[in-house]
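Visitor: the following comprises the amino acid sequence and a computationally predicted model.
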Amino acid sequence: MADTTTRAKVRWGLLDVAVVVFALTPVLWIMSLSFKTPATLTDGKFIPREWTLENYRTIFATDQFVRALINSIGIALIATAIAVVLGAMAAYAISRLDFPGKRVLIGVSLLIAMFPQVSLVSPLFEIERQLGLFDTWPGLILPYITFALPLAIYTLSAFFKQIPWDLEKAAKMDGATQGQAFRRVIAPLAAPGLFTTAILVFIFCWNDFLFAISLTSTERSRTVPVALSFFTGASQFEDPTGAICAAAVVITVPIILFVLFFQRRIVSGLTSGAVKG
Amino acid sequence: MAEIVLDKVSKKFPDGTTAVRDVDLEIADGEFVILVGPSGCGKSTTLNMIAGLEDISSGELRIGGQRVNDKAPRDRDIAMVFQSYALYPNMTVRENMAFPLRLAKLDKETITQKVEEAAKVLELTPLLDRKPANLSGGQRQRVAMGRAIVRQPKAFLMDEPLSNLDAKLRVQMRTVVSRLQKQLGTTTVYVTHDQTEAMTLGDRVVIMRGGAVQQVGPPQELYDHPNNLFVAGFIGSPSMNFLTATVEDGTLRTALGDVPIGDRIRRELEGADAPRDLILGIRPEHFEDAELVDEESRRRGMEFTAPVDIVESMGSDKYVYLSVEGERATSAELEELAADAGAADFSGAGSNLVTRLSAESTVTEGEDRRVWFNLEKIHLFDPSDGRNLTLHEGRAAGALAD
Amino acid sequence: MSVNATPAGADVAADGTDTGGGRRAAVPTQRDNGRGKVPLSENKRAERRLGWLLCAPAAFVMLAVTAYPILYSVWLSLQRYDLRFPAEREFIGLQNYVTVLTNEFWWTAFGVTMLITVVTVAVELVLGMGLALIMHRTLVGRGIVRTSALIPYGIVTVVAAFSWRYAWTPGTGYLANLFSDGAPLTERASSLAIIMLAEIWKTTPFMALLLMAGLALVPEDLLKAASTDGATAWQRFTKVMLPVMKPAILVALLFRTLDAFRVFDNIYVLTSGANETSSVSMIAYNNLIRGLNLGIGSTMSVLIFITVAIIAFIFVKLFGTAAPGSDDGERR
């Protein structure tokens, strides 16, 4: 018996190692590049022979990167907050209330989720230029909200559906209005769902390249992914590879920490103890 | 405190199904009424309509003399206990119980005082600061009760509140519920699936089937004088035995022999459209070991001989299963009851007879035994509509009545 | 023998089939005033109002941002409109479509996009399923495995693309030194392979995450029962798990396919579309933003949309009742 469990553990362990290697090798590779000196950068070795922090100093030396970082964080946070709030409202209505037009909304949001974003870039570019939104924060936040909303609505309705009906009925019997039932009973319980959605939306905004490169033109609102792609041409006398990698590591760290903290919540619920014995 | 009146209340779902049909019911102030029936009979829907969680399609609902059809649950001032308890997992026991009071905007001191009072009644005081996840099933159940009683509502609604507890705890909580209701004197509507709860708890029992009320009355009355086959089969454990019976030459031909019938039943059966095939119902306790029956009783009943299948000694008495020949009695009601009970353990529909004999009986498995049964206690049902033919002015008087 | 009105266990609540029962039930009240024509109660109306109120902001934002651009895009696609020659702007009907659909570049890009979509989604489905099983069932280090497996999805696509670009750059990259002596990103076949590898690495976790949610729905008891019945691991997987996971699989497939068809970032960084590795999104982008030929670019956009809509339609048909948002028959 003990034998089989040890064998099973070893087998799982090997699989785990394979997964970790598969997932992390490219990440470690970037880290390695970011610590290499310009002289050893092109040696093709996975582990740096000489370690340096010079690349990190370079990216923080000019405010180009810092500016982009601020833009990215600001835009992603605002878009995430709005998308999650609007998404939660709609998702609650869809999963809990009975009203005509519900299916249309689901259909439309699915269509938008399926939309080739590239086909919207050109008209949006036109409109934003006319409305003066081009190359501004709202100019990116609005499309981000729009394209994050279908995702938010779908994941959140799944979460709201998991919360037992009886809790809401109980709240109503206890004298709560629909709004109070949502604020005081449902929303706290859906917190992990809200977190999950927030993370997914944040990653979506953080990662976006297409809108960012099409709807911005200056440092005013250029986000990190775009700034990175401009690194290549930015410094003419030096190979920017090391700096790009350092920047990549810097902007990946927050995401990794996010996933690390919330991976448990991404799959598990919080309603234990609510029902049954 | 208030009386609840249901006046021709119906529930029709958008897909066309009728879940509740024309229910008339007057529940007096302070009364404990049980709604009971197999699953899908509309009892929970009825409760939800009283609560305001479900719209009333037609008819009128009055609480305390006031029409409340269109009122939101929070404006009806009634509390509900759910089968799943529905405790708020993010709140402690104290917060759970205080929740309705906080919504009612009572001041802090009153809330604390009321919560502690209720906690004391339900022996929850040491658990007040725990979260529901750290409570046992019985404790959660009591918290759910606490949340209901804490704001002294006009009425309690309970939706199978004990069905998630294990058997022993259920018996214990049954007495708690009963005592609590008597103490508080609050009008209570209690939905259950379990006929034992129905028999032991309520002042009156409402038996439902297919969305319609079958019979309303005190438990003993339903037991002794069932309106129809369904009520007879549903109430009582082990349930009533049902046998086919054919009317021939003024007697009833059954697997237990020819049963004589009295004048009144005969008159009833003389009509042109009177049924030729009947269903005979006898409760297990109306059998007795023929050796133990005195002369006096012997005259009121008749005897038959049947092979003994199984003997279960309960100490106080013996459950004896007899094999009898003949077809099983069938009808829509019986099939439904069998389905509800899970068919296999519904002994009433089989050709096996369940009898409850005195403990002194020397009956042994495998032998042929002479058994007596009381003719004054038997019921005759019309299989086409389930009507109890032995019922006269609401009283059952057996087959011999004249 | 006697009457047998309803089959055992039938839902007697269903319309008027209830024949037996007490006298109280005897009056059949079938004054059917039509479905849903029952006047709405105050409760019901309030519920509707709240529903609309809650959905309004989301619906408004989505429509405000997308409705006009879509129509505008369609309108532009029917015009000759090149920002370099603004004077030549005119309505030309479907001529742009003819131009695009008879253009070799378009069909090359279309082929590339199709190839990338089919290959990556197929590989991701298999890998994602494996990954989901590992994340769901592993006995050791579940937290670490889940976190590291999800990291690729969290990394900015452009960064990941850069990582792959350096890895395959001769001289700089460990992979280039390891596997080839040429420059893989300068040849078409190897470029496409690398683009697909980057796509797969990046988005398999997304697939795995959705599939893992589906795995959580498979009842443990069912698996135990199946293994007591002598089912092999493979049989348990195909006969028990897959059927239960079907909705999750279809959702994952749909979202990934549509996403894959719009592949842009990876190609942009890895090859910039050199050596005929452009996707349809790439050439549409090049026409719209770089070439400033709005007419042709919009035409391509509309064509992409139509293709995606067709794919979506096929998937939704396959979904049937498993489609998200469809009623699960649960009655309130």
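Guide: All right, it came through fine.
Visitor: hey, let's count contacts and neighbours off CA atoms from now on
Guide: OK.
Visitor: do you know the pLDDT at residue 2?
Guide: The chain I'm using is chain A. Looking at residue A:2, its pLDDT reads 48.
Visitor: actually, chain B is the one I wanted.
Guide: Each residue has a pLDDT score; the one for residue B:2 is 84.
Visitor: that one and residue B:185, how far apart?
Guide: Between residue B:2 and residue B:185 the distance is 10 Å, computed by C-alpha to C-alpha, to the nearest Å.
Visitor: one more: residue C:149?
Guide: Distance, residue C:149 to residue B:185, by C-alpha to C-alpha: 60 Å.
Visitor: neighbour count winner among these two?
Guide: Neighbour totals were compared for residue C:149 and residue B:185, and residue C:149 leads with 29 against 15 (other C-alpha atoms under 10 Å in any protein chain shown).
Visitor: hmm, who's touching the helix or strand harbouring the more buried one?
Guide: Counting by DSSP states H and E, the element that carries residue C:149 is helix C:142-154. Helix C:142-154 is contacted by residues A:16, A:19-20, A:23-24, A:203, A:252, A:255-256, A:259-260, A:263-264, C:131, C:135, C:160, C:201-206, C:209 when judged by C-alpha atoms under 8 Å, 6 or more residues apart in numbering or on different chains.
Visitor: cutoff 6 Å now
Guide: When contacts are defined by C-alpha atoms under 6 Å, 6 or more residues apart in numbering or on different chains, helix C:142-154 is touched by residues A:20, A:23, A:255, A:260, C:135, C:202-203, C:205.
Visitor: can you give me the buried ones in that helix?
Guide: Neighbour counts over helix C:142-154 (16 or more other C-alpha atoms under 10 Å in any protein chain shown) mark C:145-154 as buried.
Visitor: can I get the residues you listed in TSV with pLDDT?
Guide: Shown next, in TSV, are the buried residues of helix C:142-154 (pLDDT from 0 to 100):
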residue	pLDDT
C:145	79
C:146	75
C:147	76
C:148	80
C:149	79
C:150	76
C:151	80
C:152	85
C:153	81
C:154	76
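Visitor: the helix or strand following the helix holding residue C:149 packs against which elements?
Guide: Later in the chain than helix C:142-154, the nearest helix or strand by DSSP H and E is helix C:157-168. With contacts defined as 3 or more C-alpha pairs under 6 Å, 6 or more residues apart in numbering or on different chains; DSSP states H and E, the packing partners of helix C:157-168 are helix C:174-179.
Visitor: count the neighbours of residue A:82 for me.
Guide: Using other C-alpha under 10 Å, residue A:82 is surrounded by 19 other residues.
Visitor: just the strands in chain C please.
Guide: Ranges of strands within chain C are C:79-80, C:90-91, based on DSSP state E.
Visitor: ok, the stretch 101-250 of chain B next?
Guide: Secondary structure of the stretch 101-250 of chain B (DSSP state E, counting those that start in this stretch): strands located at B:155-159, B:187-192, B:204-209, B:212-217, B:241-248.
Visitor: among these, which is nearest chain A?
Guide: Using C-alpha to the nearest C-alpha as the criterion, the shortest distance between chain A and the strands of the stretch 101-250 of chain B is 9.9 Å, found for strand B:155-159.
Visitor: sorry, back to before: can you say which of the strands of chain C is packed in most?
Guide: Highest mean neighbour count of those: strand C:79-80, a mean of 22 (counted as mean count of other C-alpha atoms under 10 Å in any protein chain shown).
Visitor: any residue of it touching chain A?
Guide: No. Strand C:79-80 lies out of reach of chain A by C-alpha under 6 Å from any C-alpha of the partner chain, never closer than 13.8 Å.
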